[in-house]
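>>> mind looking at a prediction? Sequence and model below.
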Amino acid sequence: MRFFNFEEDMYSKEQITSFQKETEHWLTQAKLFIEEKDIVKLISIIRFHEYRYYVENDPLISDTEFDQLYKILEKFEKDHPGFISKDSPTQRVGNSLIKDFPKTQHLVPMLSLENSYNEEDLIDWDRKAKELSGLSEIEYTVEPKFDGASISLVYENDILVRGITRGDGETGDDITPNIRQIKSIPLMAAFSEHHIQQIEIRGEILMNKSNFSKYNDSLIKQGLAPLANPRNAAAGSLRIKDTSIVAKRNLEGFLYHVSYVTYSKEKTKETILSHAAMLELLWNLGFKSPQKELKVVKGIQAVIETIYNFEKQRDELPYEIDGMVIKVNSLELQEKLGMTSHHPRWAIAYKFKARQATSKLLSVEFQIGRTGAVTPVAKIEPVQVGGVTVSSISIHNEEYIKEKQLKIGDRILIERSGDVIPQIVKSLIDTREGNEQEIIFPKNCPACAQPLFKNEEEAVWRCVNINCKAQMVERIIHFVSKDAMDIKSFGEANVRKFFDMGLLKDIPSVYEFDVQTLNGIDGFGTKSIKNLQEAIEASKTQPLHRLIYALGIRYVGETTAKTLAQKIHSVYDLEHMTEEQLQEIDDVGVKVAKSIHEFFQNPNNLQQIKKLEQLGVIIEGKKLEKISGNLNGQTFLFTGTLTQCKRNEAESLVEQQGGKILGGVSSKLHYLVAGSDAGSKLEKAKKIPSIKILTESEFLELLSK
Ligand code: IVH
């Protein structure tokens with residue numbers, strides 16, 4: 001339903017087609033364009049692609065192609081600094097350190113909303129609104145209640161001039177440099193086309209679920225405590241004083257309310273009459289407003305139905321919401337209803353069932369990981385949180401216990417955000433009875449009784465005893481796991497069982513293991529024994545990167561293992577590399593290089609690799625083929641349908657011979673392999689003389705040379 005009839009959306013169909021065409025030109029013939037007059041156009045092209053990516057979530061070009069455009073602009077601006085404009089996409093790039101965030105007054109105080117928790121609350125609220133307005137039925141909007149950090153943006157003469165936190169509602173912190181790092185928030189928007197001179201917009205800054213979970217993983221990897229929810233992650237990120245770090249957090253902003261506007265002219269036909277129209281205007285100007293999520297309905301029963309339907313899809317949303325917000329759609333009626341001293345009467349929040357619960361901290365167990373890290377795990381009275389029963393919860397490290405002031409016997413508040421592992425939000429200290437006990441961190445390993453050590457830069461205590469059995473079991477579990485050697489039917493429980501039975505003692509023992517001894521043991525029949533035997537055998541030929549990952553070298557995750565495997569022939573090559581040589585490899589920093597080096601200096605580890613080799617595990621990769629590969633340094637792109645092999649097979653054949661696959665046609669491309677029905681990529685490639693166009697047969701011939 002459209003309430004407000006603009007001439008066109010943010011980008012019309014014609015504009016999209018024209019932007020696409022121009023993008024292609026820039027990607028293929030940038031050299032012809034680099035003149036000052038073209039740069040304004042390039043900025044608008046880049047902004048268009050940012051919008052498609054960050055606001056619409058529907059990019060039209062690959063990341064590599066976007067980077068290419070961006071680099072052209074960057075280079076131009078470097079050569080002509082006088083031409084850098086305030087709204088240039090490069091001006092988001094954070095490299096400034098903020099001293100402090102000046103306190104700034106909001107143009108209009110930031111109010112909070114009245115909360116409702118059930119149908120009765122909503123019916124009651126609707127009844128009052130009807131009484132006050134004298135209407136028998138009211139048109140409402142229903143939209144998500146975003147669970148992030150609220151902010152207020154001010155645009156003056158189309159330019160973003162301020163971004164302020166909620167603060168106490170009257171005054172907040174000016175965090176403009178950080179807001180500029182959020183790519184879905186336009187640095188400039190064409191308000192003047194609607195005669196708007198100054199506008200204050202309210203919204204919420206979020207970290208979406210997938211970025212939150214990546215961020216928490218990275219905290220855990222660094223030995224830091226993860227955050228309880230994406231709201232804290234977003235709020236914390238906005239207060240960072242280094243804008244380059246803020247930029248990396250991938251925050252996004254939803255804008256849902258205009259609190260103040262001044263016009264340069266008499267309002268014309270474009271006068272905005274409804275909340276839905278206001279959101280549409282924001283959307284059309286390039287903002288992420290809840291325009292697609294918004295429902296406009298008549299009467300409170302329809303509101304209730306909408307809320308119930310929406311709640312069912314809550315987990316499928318890419319971001320966290322903690323309820324819905326219901327607003328009176330007509331802005332005139334909103335004005336008439338006005339406010340109480342605390343809340344507007346024209347809006348109400350409906351809160352979903354909490355994903356929080358309280359429980360009691362019963363005891364703490366200290367678990368030893370494969371790197372010897374000691375993780376305290378709280379055993380709690382089982383409690384339901386957001387549909388799952390939680391009975392134990394990681395409390396990460398000693399610092400975390402201190403920071404959260406946790407004690408055994410405490411009542412604790414737990415939160416489970418989406419799919420994220422539940423976390424303790426806090427101890428409910430006021431409910432203490434006096435018999436709660438301090439959590440005492442052990443000085444010795446609970447498994448092998450050797451003293452624990454703590455590195456100064458780390459938050460974790462570690463058992464450094466190489467023979468510690470608890471670590472060994474964890475290392476074997478990691479070695480056989482799905483992403484490592486993938487020995488199906490081993491599984492964590494079986495590894496523990498076989499270890500306790502003395503059938504496994506270290507990693508090589510996986511291949512010395514006499515599966516026949518399982519005969520007659522609970523749950524093991526002839527078939528499962530055969531399957532296990534076959535899985536163990538098959539794992540011997542796993543690719544080199546899996547073996548590197550499976551060895552469990554600290555900081556060497558799957559990606560780093562892949563990079564390393566591409567650079568070496570045999571695992572032993574890593575033994576002979578210096579830390580400096582390791583650091584020359586992409587993705588390998590000081591910490592990772594040090595860890596790899598240390599691993600290979602340890603004779604126990606080398607002995608273990610030797611033994612694996614003797615037991616038939618392949619410890620070599622395909623690097624040698626690559627070095628002598630015909631395609632070293634050559635770039636390829638496949639288009640159309642291949643008939644003699646699958647596209648992914650063809651791509652890996654190229655990679656195996658040292659070639660690289662590109663995401664799109666550009667002057668960097670050496671070969672375009674065109675299958676049948678090849679379309680626009682082929683046309684584009686024909687225009688670039690340096691690209692060689694091959695048929696599938698010619699490609700296969702080239703490979704076999
Ligand atoms: S409207 C004057 N809409 O929830 C009314 N608020 O508890 C302005 N929030 O203060 C607020 N999603 O920080 C509105 N779609 C939405 C929202 C929303 C989240 C936040 C906002 C507000 C708080 C109320």
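In hand now; what should we look at?

>>> return the residues in contact with the residue in the stretch 1-150 of the chain that the ligand sits nearest to.
Proximity of the stretch 1-150 of the chain to the ligand (CB to the nearest ligand atom) peaks at S150, 3.2 Å away. The C-beta positions use only the backbone N, C-alpha and C, and glycine is treated the same way. By CB atoms under 8 Å, 6 or more residues apart in numbering, S150 lies in contact with 110, 165-166, 202-205.

>>> just those residues: which are in strands?
Among these, the ones falling in strands (DSSP state E) are 165, 202-205.

>>> out of those residues, who's nearest V328?
Nearest to V328 out of the ones in strands among the contacts of S150 is R202 (CB to CB; 16.3 Å).

>>> and N309, what's its pLDDT?
Looking at N309, its pLDDT stands at 93.

>>> returning to what we had before: dump the contacts of S150 to TSV, plus distance to I39.
Output for these, formatted as TSV (distance: CB to CB, whole Å):
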residue	distance to I39
M110	38
T165	34
R166	38
R202	34
G203	30
E204	34
I205	30
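
>>> what's the burial count for R496?
15 (other CB atoms under 10 Å).

>>> hmm, V473 and it touching each other?
Yes - with contact defined as CB atoms under 8 Å, R496 reaches V473; the gap is 6.1 Å.

>>> on that earlier part again, intersect the ones in strands among the contacts of S150 with the contacts of the ligand.
Among the ones in strands among the contacts of S150, the residues that sit close to the ligand (CB under 6 Å from any ligand atom) are 202, 204.

>>> looking at the ones in strands among the contacts of S150, which has the most residues close by?
That'd be I205 among the ones in strands among the contacts of S150, by other CB under 10 Å, with 27 neighbours.

>>> any idea how far it is from K99?
21 Å (CB to CB, to the nearest Å).

>>> Q607 now?
Taking CB to CB, one finds Q607 at 55 Å from K99.

>>> quick one: which of these two has more around it?
Q607 (12 against 7).

>>> my read is that one is in a helix, agree?
Yes - under DSSP: H, G, I helix; E, B strand; the rest coil, Q607 sits within a helix.

>>> and the stretch 51-200 of the chain, which residues reach the ligand?
111-113, 143-146, 150.

>>> now the two most distant members of these.
L111 and P144 (18.7 Å).

>>> which residues of the protein lie near the ligand?
With CB under 6 Å from any ligand atom as the criterion, the chain meets the ligand at residues 111-113, 143-146, 150, 202, 204, 256-257, 290, 325, 344, 347, 349.

>>> if we can go back for a sec, which one of the ones in strands among the contacts of S150 is nearest to G82?
Once CB to CB is applied, the member of those that ends up nearest G82 is I205, at 33.2 Å.

>>> and that closest one, how far from L122?
28 Å.

>>> also S391?
For S391 relative to L122 (CB to CB), the value is 35 Å.

>>> who's more crowded, the two?
More crowded of S391 and L122, by other CB under 10 Å: L122, with 20 against 12.

>>> could you say which helix or strand holds the more buried one?
Assessed by DSSP states H and E, L122 sits inside helix 119-133.

>>> and for R496?
Here R496 is assigned to helix 491-500, by DSSP H and E.

>>> list the contacts of that helix.
Residues contacting helix 491-500 (CB under 8 Å, 6+ apart): 469, 472-473, 476-477, 480, 504-505, 513.

>>> does the one residue in the stretch 351-500 of the chain that gets nearest to the ligand have beta-bridge partners, and which?
The ligand sits closest to K351 of the stretch 351-500 of the chain, with a gap of 8.6 Å, by CB to the nearest ligand atom. Here K351 shows beta-bridge partners G323, assigned using DSSP bridges.

>>> thought S116 was touching it, still the case?
Yes - using CB under 8 Å, K351 makes contact with S116 at a distance of 7.1 Å.

>>> more crowded one of those two?
Neighbours were counted for K351 and for S116 using other CB under 10 Å; S116 has more, 20 against 15.
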